[in-house]
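Colleague: kindly return the folded structure for what I paste below:
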Amino acid sequence: MPTTERSPEQLLARARSGDQQALGEVLDAYREYLRLLARPRVGPELRVRLDASDVVQETLMEAQRDFHQFAGNSEGELAVWLRRILARNLADQFKYHQSQKRDFGREQPLEVLIEQAHEALAAPLSTPSGHASNREQAVALANAMARLPPDYREVITLRHLEGQSFDDIAARMGRTDGAVRMLWLRAVERLGGLMEGP
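Modeller: This next block holds a predicted model:
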């Protein structure tokens, strides 16, 4: 059976036994999930110099390089390990970009913020996905969100991951409150369809 048809648990077991292709597949499955967790932490003022996708790429490369240090046995433990690497990489980037007026040191620790974003992502939006674990649901949701048009992805991210009000989102996106609400409804509906599958 080709590696791509294996379950996540089988891929993880293969990766632990040294299969680099399986490791690549396991880590790649977390790319969009990590990007959605990182994006709210890279605020608009820092986004000019730092892209969340770059931090995620660095995180995945580090995870591949240091996979032998991963002591867990489950996907949930892998997700926690990856979130910790992501939080450390974001903290390093913030230190590097400290010339910003904003005082990042006074904010909540990044690891706490990453965990809060994970919880928001794992919470169901409007889709009845009965049997998926929170981790599986969060990763599936991140992958589905990556397939949304940019405006849909933006409104869902601002509303659910950053917890912004419709008024704030409207100001940020340059739209009316009513237009943002309609955009959000269409985005959630489309996302629900993607989560339900064919």
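
Colleague: please enumerate the helices of this structure.
Modeller: According to DSSP state H, the chain carries its helices in the segments 8-16, 20-28, 31-38, 44-47, 52-65, 75-96, 110-122, 134-146, 150-156, 166-173, 177-196.

Colleague: could you give me the buried positions within the first one?
Modeller: Spelled out, that is helix 8-16. Buried residues in helix 8-16, counted by 16 or more other CB atoms under 10 Å: 8, 11-12, 14-16. C-beta here means a position set from N, CA and C on the backbone, and glycine is covered the same way.

Colleague: so what does that helix touch, helix or strand wise?
Modeller: Contact partners of helix 8-16 among helices and strands, from 3 or more CB pairs under 8 Å, 6 or more residues apart in numbering; DSSP states H and E: helix 20-28, helix 75-96.

Colleague: list the residues that contact Asp168.
Modeller: Contact analysis of Asp168 by CB atoms under 8 Å, 6 or more residues apart in numbering lists Leu158.

Colleague: so what's it scoring on pLDDT?
Modeller: The confidence metric pLDDT takes the value 89 at Asp168.

Colleague: and it, how far is that from Val42?
Modeller: Between Asp168 and Val42 the distance, using CB to CB, to the nearest Å, works out to 18 Å.

Colleague: before we move on, the earlier item: mean pLDDT lowest for which of the helices and strands packed on helix 8-16?
Modeller: Ranked on mean pLDDT, the bottom entry among the helices and strands packed on helix 8-16 is helix 75-96, at a mean of 86.

Colleague: counting by contacts, list what that one packs against.
Modeller: Helices and strands in packing contact with helix 75-96 are listed as helix 8-16, helix 31-38, helix 52-65, helix 110-122, helix 134-146; criterion 3+ CB pairs under 8 Å, 6+ apart.

Colleague: and with 6 Å instead?
Modeller: For helix 75-96, the helices and strands in contact under the criterion 3 or more CB pairs under 6 Å, 6 or more residues apart in numbering; DSSP states H and E are helix 52-65, helix 110-122, helix 134-146.

Colleague: could you pull out the buried residues of it?
Modeller: Of the residues in helix 75-96, 75, 78-79, 81-83, 85-87, 89-91, 93-94 count as buried by neighbour count, 16+ other CB under 10 Å.

Colleague: quick check: which ranges of this protein have low pLDDT?
Modeller: 1-5, 43-48, 97-136, 197-198 (pLDDT under 70).
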